[in-house]
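# no sequence on this one, just coordinates:
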């Protein structure tokens, strides 16, 4: 694609040059406009969030009381597997990519993404990947039933025939992620406004730059491990089959070498969002900008050397357990720096509590709680007790639901006025927040207790002593699930006929993006200021 010299102070923010002659459906199929593609990612993510959520409600309805009630154990296992895969690869990651598509060019003063056609392609292969994945539920033998971590040899020797389609779907999702990451890196490194040095980037841009490098590093590892599965299933190899000289534990090493950085891929952009929102509603600059950047980079680097804390129980050497235990605990340091900086930003600020700020505050409190249970799981001898219980389920849901999901919701409430020109209904937003907040805690907090008491995860039935906490969790799940309908109604109303937004929609704040300790790039002013 030819490069174009653009005189930034005179760039007009109109979308006419992006769509060409296509109208109607063609506009969305062929668009190279970062805003259109960002919107499509977000809508796709919302659809997947609701589908994955319905699967979670099937799981929780089955666990409402002991004794098999609603579904067969085999179907229950398919639901746990598909719920995890859809939420991770279909809801959280595309939502963050959608936010990046919308906001990164706007925040760095670029006219569009660096590779607009690849941007279109990386989106449009996603719906097909998930159609393939979901269609496996209707195949003979049923869909994937081996948990979202698809451990071999369960997923190779004993799996249904649909596992081949599952592998194909994973490959397509991975290709989409890699293309999206390349695009973001190319955009941020090459298309910043004049005068915007790396240490003046808004934090959301920084977190996405680092996330994109993580994606490029680990997605090929996932592709490798599913290809090895394919070979074991169809071509007579024995990578993970002990009978043929392979090693089932090898699968876990490769999977978690992808899987642990993947966890940070799902949370680093959230850190960026929260670092944009808290300064706006505290009416203060972000405390310790450069330390935040270094903390994100440290977390990303450390995420590559802690993978085996997911597999303390496989019988690794003691020195391995000790190394992975201490390396895991070390991640708490840069994470603690970030939490401290957010609190310091709020300290003595003129805080107001609009919906985005409520979600951001819930993020800080509940994500930190999830971090503490993560530290408990990092202690190798203790992990022997917690492993494969509901304590683990409670931990990663506290990190991912109030973490990733709440930050995505916060971003939607925060930036929707900018995207649509309309303000969301604040009363409905607060209703959505409180229902979600109560629902999430009612669902996942009791899981700590049943986990410590020894209730194993991924089992459709349980002993009577776990009944009370499980019924609480199921009620909480339905509250959380149905409260999302308030959010969807609010967004649809906003797009169609919301109240008009002013140019400073969050009154008295610094404006929407430029909440970093640096002058705004000069294209945001009517006349370029002098730059020394």
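Yes, it's here. Values in this document were obtained by computation on a predicted structure and should not be read as measured data. Numbers count the residues shown, from 1 in each chain.

# who touches residue 326 in this structure?
Shown in contact with residue 326 (Cβ atoms under 8 Å, 6 or more residues apart in numbering): no residues. To be clear about C-beta, it is placed using only N, CA and C from the backbone, and glycine gets the same treatment.

# now the one 4 residues further on
Applying Cβ under 8 Å, 6+ apart, we find residue 330 in contact with residue 302.

# find the nearest non-adjacent residue to residue 363, please.
Nearest-residue entry for residue 363: residue 406, 4.8 Å, with adjacent residues in sequence omitted and distances by Cβ to Cβ, 6 or more residues apart in numbering.

# how many residues are close by the nearest residue to residue 431 once chain neighbours are set aside?
Nearest residue to residue 431, sequence neighbours excluded (Cβ to Cβ, 6+ apart): residue 486, at 5.7 Å. Neighbour count of residue 486, defined by other Cβ atoms under 10 Å: 17.

# buried ones in the helix or strand containing residue 486?
Assigned by DSSP states H and E, residue 486 falls within helix 467-497. For helix 467-497, the buried set under the neighbour-count rule, 16 or more other Cβ atoms under 10 Å, comprises 467, 469-474, 476-481, 483-484, 486-487, 490-491, 494.

# how many neighbours does residue 245 have?
For residue 245, the neighbour count with other Cβ under 10 Å is 8.

# sorry, back to before: surely the residue nearest to residue 431 touches residue 435?
Yes: if you go by Cβ atoms under 8 Å, residue 486 and residue 435 touch, sitting 6.8 Å apart.

# hmm, back to that, what residues are up against the residue nearest to residue 363?
359, 362-363, 366, 436.

# buried among these? Need that as a selection in PyMOL.
Here is the PyMOL command that selects the buried residues among the contacts of residue 406 (16+ other Cβ under 10 Å):
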select buried, resi 359+362+363+366+436
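
# next step: the contacts of residue 406 restricted to helices.
Per DSSP state H, helices hold the following members of the contacts of residue 406: 359, 362-363, 366, 436.

# got CSV for these, with pLDDT and distance to residue 391 too?
Below are the ones in helices among the contacts of residue 406 laid out as CSV (pLDDT from 0 to 100; distance: Cβ to Cβ, whole Å):
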residue, pLDDT, distance to residue 391
359, 98, 26
362, 98, 22
363, 98, 22
366, 97, 16
436, 98, 23
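
# tell me which of those is nearest to residue 73?
Distance ranking of the ones in helices among the contacts of residue 406 against residue 73, using Cβ to Cβ, places residue 436 first at 30.5 Å.

# so what's the closest one closest to, chain neighbours aside?
The shortest distance from residue 436 to any non-neighbouring residue, by Cβ to Cβ, 6+ apart, is to residue 483 (5.1 Å).

# helices along the stretch 101-250 of the chain, start to end?
Taking DSSP state H, counting those that start in this stretch as the criterion, the stretch 101-250 of the chain contains helices spanning 116-135, 163-190, 203-234, 248-265.

# which elements pack onto the second one?
Based on contacts counted as 3 or more Cβ pairs under 8 Å, 6 or more residues apart in numbering; DSSP states H and E, the elements that helix 163-190 packs against are helix 93-108, helix 116-135, helix 203-234.

# same check, this time on the third one
Where contact means 3+ Cβ pairs under 8 Å, 6+ apart, helix 203-234 is packed against helix 93-108, helix 163-190, helix 248-265, helix 268-282, helix 289-302.

# I'd like the next helix or strand past the host helix or strand of residue 326.
Counting by DSSP H and E, the element that carries residue 326 is helix 318-330. Heading C-terminal from helix 318-330, the first helix or strand you meet, by DSSP H and E, is helix 332-346.

# what are the contacting residues of that next one?
Under the criterion Cβ under 8 Å, 6+ apart, residues 271, 274-275, 278-279, 282, 284-288, 291-292, 294-296, 298-299, 302, 364, 368, 371, 374-375 lie in contact with helix 332-346.
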